[in-house]
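Participant: this one's structure only:
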């Protein structure tokens with residue numbers, strides 16, 4: 001079992017409706033850039049960047065450099081978290 005601080009970081013990572021939307025989008029379409037995420041969800045680039053940073057700190061999203069851009073995908077923890085969130089619907 002994870003330590004309480006680790007669990008707190010995960011929960012803070014998805015504790016926003018936009019972050020949950022980002023996670024759902026990345027589940028459907030992995031390997032998106034920040035620009036693609038921002039355009040798909042019609043959010044400001046800077047706001048999207050902050051959300052991705054928080055998801056990454058929580059271990060829910062991983063980043064991969066692809067030339068000049070950075071691609072984002074859900075981690076296994078991110079996939080499990082989305083599955084958990086769907087049980088709350």
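Facilitator: Here it is on my side, so go on. This is a predicted model, so every value here is computed, not measured.

Participant: CA atoms for contacts and neighbours, from now on please.
Facilitator: Will do.

Participant: quick one, strands of this structure?
Facilitator: 61-66, 69-74 (DSSP state E).

Participant: for those, which one sits closest to residue 36?
Facilitator: Of all these, strand 69-74 sits nearest to residue 36, with 9.6 Å by Cα to Cα.

Participant: so residue 45 sits right up against residue 33, yeah?
Facilitator: No. Residue 45 lies out of contact with residue 33 (Cα atoms under 8 Å); the separation is 10.8 Å.

Participant: Of those two, give the one with the bigger neighbour count.
Facilitator: Here residue 45 and residue 33 are compared on neighbour count by other Cα atoms under 10 Å; more neighbours surround residue 33, at 18 against 15.

Participant: Please name the bridge partners of the residue lying closest to the more buried one once chain neighbours are set aside.
Facilitator: Leaving aside its sequence neighbours, residue 33 sits nearest to residue 71 (Cα to Cα, 6 or more residues apart in numbering; 4.7 Å). Listed by DSSP bridges, the beta-bridge partners for residue 71 are residue 64.

Participant: Run through the residues that contact residue 71.
Facilitator: Going by Cα atoms under 8 Å, 6 or more residues apart in numbering, residue 71 touches 31, 32, 33, 34, 63, 64, 65.

Participant: possible to save those residues as JSON lines with distance to residue 54?
Facilitator: Formatted as JSON lines, those follow (distance: Cα to Cα, whole Å):
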{"residue": "31", "distance to residue 54": "17"}
{"residue": "32", "distance to residue 54": "16"}
{"residue": "33", "distance to residue 54": "16"}
{"residue": "34", "distance to residue 54": "13"}
{"residue": "63", "distance to residue 54": "12"}
{"residue": "64", "distance to residue 54": "16"}
{"residue": "65", "distance to residue 54": "18"}
